[in-house]
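Enquirer: sequence-free structure coming up:
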């Protein structure tokens, strides 16, 4: 030790005297020279390292740690500035120890009188327990930091002024801002203006103040790009050691995707309920026209599927083509605007909308209907997009005149592009079909809003169109059913009237049989009565007083006999004989018979015979009876003086006989029943006269027409088939 | 004098016909039923038979059938109250078919046609 002097040697002396004082402290004190030789150490050091006395040829690193060279931490060895105090912490295993000890070492340079470095005084303290705690803390901190860093949730720290002081990667991903961009700025810049105005930020702060935290708070925030994002927030107040608030932490979870799903779900439910509502309306309607209208309204109405325009094309079996049937939509933008605003402000339920829409469109959908009516494509033009859509039951999306599927189809027919016909380049084609039938196609577009047709639109329209197809098929079936029912009803009515007629005919036949037998029984005595009356009449001289009585008997019997003839004509009609008859002869015959009456009643006869050979084939007696009845009626219709006009006319095929009187005419109601047997307007009439005429003319395959005007007279026209050049009385048998 | 046999079940008519045809200058024989008619036709050999159809016993058609067998050359006028016998095939065998009427003009015309007077 002797060769050292000055400071270091005096230091050793001081240390020696301190040694005793230091002995109770577990503090390491030692002294080395610039060559790391141990010059001095205290007792604690000696005991801890099991040392004897310091010797000049032992170095500190060798003695303490068994190293062959100085410690890496050594400032001297590292040639640091040794003129000042250094502090370091060494992590070392003490001899015999298994675990590491942390040693805090303070190195004090020792200088001689001329300020040359002589050595170092080292004072060391065991800081293992402190150091370990700190390390744990550091580990924890590291962990926390890495958690914060890697979290996909945003973790943000705010100071008391709501300024952002920490911003992790999660936050960056959620909001789009990098930490550099946002730190120091107020958190308010992330809150949408509307929510700020609603006082959301104030509400959050109030909650935090009262409870210290908020949890699962769902709201919206602004992304850097201005878009709204749905977030879930957790925030708690941060306090310092004095329990004073120093800011708050915010954990942000991006729930946009979930929100979207929720919205999507809600929309789907709405859509479904809309479809359901539509279905209800559709099924309550049964006429095809109305159903087609409702479908189109549903497709185009604001609350419906919201397309701008819709076109319906249906298959026509008769024309073998797909034909534009009906369309709906405004004619231009202005009208679209008008309709949609009015719908928005007034329309409520879908039913109301259907009604409103129809009102609003009245008249104006002519333009669009003209468009659709111009479309017709033959069914065998299989290459056409519409035919293919219907036949193969597929939907097609056409964008800018290009079909958005890989198919070899065309939009053109006869040089006309469908898009041009529809006057818009982007549209959707959806087939209308049912299990049994291909009905047609539905075309929709958004000509006025230009809105893109989304996948959702396509799907909804598909679902809807299948429902619509069912309704259409139902309506078609229903219409057919209605036709069938009407047909059945008609058939049934016919059956009923026929049954009525049959019954009437049967009744008449029964009456007829009785009448016929009675008539025959009466005829025999009449022969005697009338016969003898005539006989008597003949035998009387002209001035016999009794002669007027016999003539009364004769007339009355004649009258009775003519009634009998009519009854028998109705009750037991017989087919007419087929003999050539000259109608003029028949008329003259009748007129001869009637001569007396005509004279007596002062009736003028106007005969207009315009036919040369009025030959017909038939039964002379029956025709006689028919014409007799007609002329008798004419005579009876004339109350006092009057005229009867009889006119005949011939054409190649027909003989026309017309009997016109200037009598009282027949009332309209009576005219309808004029041929009914037993219908009469005359007192003492049998109601058989015209019935017999009708029967006879019918049996002769002729035609009779009676027109009359009250107080002016009646006109009877008969048309019979003319037989050419057959000799009279040429019997068939 | 030409002889007419009137076959008629009604007495009043028989009287009427006898009166009328006698006045016309014919010899008139009367039969009130079918059997009598056939007997008289054989006995009296009439030139014309005026025959009613509906009679008790043999009907006019029965009489006509037998007449056609026994005396096919005697002409027959059917004179009946019924129109529908005209379709009966037996009626075709008769020379005339005249429906009874109080006005005997038609019947007389037919008689005169078959038995013209000089």
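Expert: Alright, I've got the coordinates. Keep in mind it's a predicted model, so treat the numbers as computed, not measured. Residues are numbered from 1 along each chain as shown, chains lettered A, B, ... in the order given.

Enquirer: Find the residue closest to the closest residue to chain A within chain B in space, skipping its chain neighbours.
Expert: Nearest to chain A, among the residues of chain B, is residue B:102, at 2.1 Å (Cβ to the nearest Cβ). The way it works is simple: take the backbone N, C-alpha and C, and place the C-beta from them, glycine included. In space, and not counting its chain neighbours, residue B:102 is closest to residue A:530: 2.1 Å by Cβ to Cβ, 6 or more residues apart in numbering or on different chains.

Enquirer: Provide a list of residues in contact with the one you found.
Expert: The neighbourhood of residue A:530, defined by Cβ atoms under 8 Å, 6 or more residues apart in numbering or on different chains, consists of A:553, A:554, A:557, A:558, A:561, B:101, B:102, B:103.

Enquirer: Tell me the secondary structure at the second one.
Expert: If I follow you right, that is residue A:554. helix (DSSP: H, G, I helix; E, B strand; the rest coil).

Enquirer: Could you pull up the residues touching it?
Expert: Contacts for residue A:554 (Cβ under 8 Å, 6+ apart) come out as A:530, A:533, A:534, A:537, B:102.

Enquirer: Export those to a markdown table and append columns for pLDDT.
Expert: As requested, the contacts of residue A:554 are exported to a markdown table (pLDDT from 0 to 100):
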| residue | pLDDT |
| --- | --- |
| A:530 | 92 |
| A:533 | 92 |
| A:534 | 91 |
| A:537 | 90 |
| B:102 | 89 |
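
Enquirer: Take those and keep only those in helices.
Expert: Counting by DSSP state H, the contacts of residue A:554 place A:530, A:533, A:534, A:537 in helices.

Enquirer: was I right about the third one contacting residue B:102?
Expert: Yes - under the criterion of Cβ atoms under 8 Å, residue A:534 is in contact with residue B:102, at a separation of 6.8 Å.

Enquirer: Spatially nearest residue to residue 46 (excluding sequence neighbours)?
Expert: This is for chain A. Distances taken as Cβ to Cβ, 6+ apart put residue A:52 closest to residue A:46, at 7.7 Å, once the chain neighbours are dropped.

Enquirer: Switch to chain B, please.
Expert: Counting by Cβ to Cβ, 6+ apart, the nearest residue to residue B:46 once its immediate chain neighbours are dropped is residue B:5, at 3.8 Å.

Enquirer: So which elements touch the helix or strand hosting the one you found?
Expert: Here residue B:5 sits within strand B:3-7, counting by DSSP states H and E. Here strand B:3-7 touches helix B:11-24, strand B:27-31, helix B:34-44, strand B:48-51, going by 3 or more Cβ pairs under 8 Å, 6 or more residues apart in numbering or on different chains; DSSP states H and E.

Enquirer: Of these, which stretch is the most buried?
Expert: Of all the helices and strands packed on strand B:3-7, strand B:48-51 carries the top mean neighbour count, a mean of 24, counting by mean count of other Cβ atoms under 10 Å in any protein chain shown.

Enquirer: What helices and strands are in contact with that strand?
Expert: Short answer (3+ Cβ pairs under 8 Å, 6+ apart): strand B:48-51 packs on strand B:3-7, helix B:34-44, helix B:60-70, strand B:76-80, helix B:105-114.

Enquirer: cutoff 6 Å now
Expert: Here strand B:48-51 touches strand B:3-7, strand B:76-80, going by 3 or more Cβ pairs under 6 Å, 6 or more residues apart in numbering or on different chains; DSSP states H and E.

Enquirer: Including mean neighbour count, could those strands go into TSV?
Expert: Below are those laid out as TSV (neighbours: other Cβ atoms under 10 Å in any protein chain shown):
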stretch	mean neighbour count
strand B:3-7	24
strand B:76-80	24
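
Enquirer: want to throw those into TSV with distance to residue A:392 and mean pLDDT?
Expert: Listed next are the helices and strands packed on strand B:48-51 as TSV, based on distance: least, Cβ to Cβ, whole Å; pLDDT from 0 to 100:
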stretch	distance to residue A:392	mean pLDDT
strand B:3-7	95	95
strand B:76-80	85	93
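
Enquirer: and the gap between the residue sitting nearest the centre point of chain A and residue A:276?
Expert: Compute the mean C-alpha point of chain A, and by Cα atoms, centre = their mean the closest residue is residue A:298, 4.3 Å away. Distance, residue A:298 to residue A:276, using Cβ to Cβ, to the nearest Å: 12 Å.

Enquirer: Mutual contacts of these two, please.
Expert: With contacts taken as Cβ atoms under 6 Å, 6 or more residues apart in numbering or on different chains, residue A:298 and residue A:276 have no neighbour in common.

Enquirer: Nearest residue to residue A:109 in space, please, no chain neighbours.
Expert: residue A:82 is the one closest to residue A:109 (Cβ to Cβ, 6+ apart), at 5.0 Å.

Enquirer: Work out which residue lies at the spatial centre of chain B.
Expert: Closest-to-mean residue, chain B, Cα atoms, centre = their mean: residue B:50 / 0.9 Å.

Enquirer: For that one, name its beta-bridge partners.
Expert: As for beta bridges, residue B:50 partners with residue B:6, residue B:77 under DSSP bridges.

Enquirer: Isn't it up against residue B:77?
Expert: Yes - counting by Cβ atoms under 6 Å, residue B:50 does reach residue B:77; the two are 5.0 Å apart.

Enquirer: re earlier: is it possible to mark the buried ones in the contacts of residue A:554?
Expert: Buried by 16 or more other Cβ atoms under 10 Å in any protein chain shown: A:530, A:533, A:534, A:537, B:102, out of the contacts of residue A:554.

Enquirer: tell me which parts of chain B are close to chain A?
Expert: B:10, B:12, B:13, B:16, B:81, B:82, B:84, B:100, B:102 (Cβ under 6 Å from any Cβ of the partner chain).

Enquirer: Return the member of these nearest to residue A:250.
Expert: residue B:84 (121.0 Å; Cβ to Cβ).

Enquirer: Tell me how many other residues surround the closest one.
Expert: 14 (other Cβ atoms under 10 Å in any protein chain shown).
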